[in-house]
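1. Got a predicted model here, sequence first, then my questions.
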Amino acid sequence: MPELPEVETISRDLDKKVKGLIICDFWTDLPARNIPHPPALQEFKKEIISRKILRVYRKGKNILFDLSGDKILLVHQKLTGHLLYGKWKIKKIGGKYQVSSLITGPLQEKVNNYIHLIFYLSNGWQIALSDLRKFAKIIAGEKKEIENLPEIKNLGPNPLKVPFDEFSEILKKKKGNIKTVLMDQEIFAGIGNIYSDEILWQAKINPFKSSSKLAKSELKSLYSATSNILKKAIKLKGTSISDYRDPSGQSGGYAKVRKVYQKEDKPCQRCQTPIKRVKIGSRSAHFCPVCQRL
């Protein structure tokens, strides 16, 4: 699932490309469950069509489009979704839609060709959602209504903006293991499996260590690592190990420099000890058993 750096990359790139444009039309072959509000597709269209895009930004793992008329369009890309910017044509063959890119290059890569939703823009270009598993969620409505949705209202602070004292106080009050705490979106919004592994490796903290038992020196290391890793990943436009691509269809560069995530049995880049992979709940943690002793 796209995490903070991937969602930030998409939001920033789209903001540069589509701010000031008008949504002229909309197409989708997604089932109704993917667009739960408004429940009727025609009502959804009324919320977005002929609206100007005022800005595109991120909250947690959500992409939000501020629209004219005090409306918001929210896109959560979920497991395999990513928003693209280009031009596509649609054909209906044998009762099924076939969507193909009119732009040559990365947008023609297979991972970018599971198009199930298109927003048509006033400059002749389009925003499209490629989503292999079709789990993405799209919601439109009044600004206050969207901001009060549980998935927005209950988000924790942005880990890139929270002051150290607040960061420390939050973690001291949590009794769970630090890996799980970092991934809890109601504690810090945007960190997931990839970057929790990378952050903990850089901070030399074992993923099983209790959050409430972190020493002040460990909290300082963790705070610094959180900022450094997330900023570096944003600069490299995210991690493309599986489905994620940026709006131009290109892979992010962080996968090439990651230290532990999905590197089981590879030598630790600090001490050469093989990286371990263990289950923490339903997720996996990758860490160095020597550098990150419990």
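-> In hand now; what should we look at? No experiment lies behind these values; they were computed from the predicted model shown. Numbering: from 1, shown residues only.

2. Am I right that Lys216 is in contact with Ser168?
-> Yes: between Lys216 and Ser168 there is a contact under CB atoms under 8 Å: 7.5 Å. C-betas here are computed from N, CA, C, even on glycine.

3. Tell me if Glu6 really is in a strand.
-> No: counting by DSSP: H, G, I helix; E, B strand; the rest coil, Glu6 is not found in a strand; it is helix.

4. Surely it touches Tyr244?
-> Yes: Glu6 lies in contact with Tyr244 (CB under 8 Å); the separation is 5.1 Å.

5. who touches both of these two?
-> Each of His82, Gly238, Gly252 lies in contact with both Glu6 and Tyr244 under the rule CB atoms under 8 Å, 6 or more residues apart in numbering.

6. sorry, back to before: between Lys216 and Ser168, who's got more neighbours?
-> Set side by side, Lys216 and Ser168 give different neighbour counts by other CB atoms under 10 Å, the larger being at Ser168 (17 against 9).

7. Quick check: the residue of the chain positioned farthest from its centre vs Pro207, distance?
-> Relative to the centre of the chain, the most outlying C-alpha is that of Gly94, 34.5 Å out, by CA atoms, centre = their mean. Distance from Gly94 to Pro207, counting by CB to CB, to the nearest Å: 49 Å.

8. swap in Ile229?
-> Going from Ile229 to Pro207 by CB to CB gives 14 Å.

9. to the chain's geometric centre, what's the distance from stretch 142-149?
-> Taking CA atoms, centre = their mean, to the nearest Å, one finds stretch 142-149 lying 20 Å from the centre of the chain it belongs to.

10. neighbouring contacts of it?
-> Contacts of stretch 142-149 (CB under 8 Å, 6+ apart): Leu64, Asp66, Asp70, Lys71, Ile72, Leu74, Ile139, Ala140, Ile152, Lys153.

11. Inside strands: which ones of those?
-> Among the contacts of stretch 142-149, DSSP state E puts Leu64, Asp66, Lys71, Ile72, Leu74, Ile139, Ala140 in strands.

12. Next, the contact list for the last one, please.
-> To tie it back to what came earlier, the one meant is Ala140. So Ala140 contacts His37, Pro38, Phe44, Glu47, Ile48, Lys71, Ile72, Leu73, Leu74, Ile146 (CB under 8 Å, 6+ apart).

13. again, 6 Å this time
-> Phe44, Glu47, Ile48, Leu73 (CB atoms under 6 Å, 6 or more residues apart in numbering).

14. do the same with the third one
-> Residues near Lys71 by CB under 6 Å, 6+ apart: Glu47, Arg51.

15. Just give me the neighbour total for the closest residue to Ser224 other than its chain neighbours.
-> Closest residue to Ser224 apart from its sequence neighbours, by CB to CB, 6 or more residues apart in numbering: Ala203 at 7.4 Å. By other CB under 10 Å, the residues close to Ala203 number 21.

16. now the one 3 residues further on
-> Number of residues near Asn206 (other CB under 10 Å) recorded here: 18.

17. Tell me how far it lies from Leu214.
-> Asn206 is 11 Å from Leu214, by CB to CB.

18. Equivalent analysis for Ala225, please.
-> Relative to Leu214, Ala225 is positioned 12 Å away (CB to CB).

19. Could you list the domains of the protein?
-> Following automatic domain parsing, one gets these domains for the chain: 4-153, 164-287.

20. next SSE after the helix ranked longest in the chain?
-> If you go by DSSP state H, the chain has its longest helix at helix 216-235. Where DSSP states H and E defines the elements, the next helix or strand beyond helix 216-235 is strand 276-280.

21. Counting neighbours, which bits of that following strand end up buried?
-> Within strand 276-280, the residues that count as buried by 16 or more other CB atoms under 10 Å are Lys276, Ile280.

22. Just list what it packs against, helices and strands only.
-> Under the contact definition 3 or more CB pairs under 6 Å, 6 or more residues apart in numbering; DSSP states H and E, strand 276-280 sits against strand 283-287.

23. could I get the domains of the chain as JSON lines with distance to Arg293 and mean pLDDT?
-> Putting the domains of the chain into JSON lines (distance: least, CB to CB, whole Å; pLDDT from 0 to 100) gives the following:
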{"stretch": "domain 4-153", "distance to Arg293": "28", "mean pLDDT": "97"}
{"stretch": "domain 164-287", "distance to Arg293": "6", "mean pLDDT": "98"}
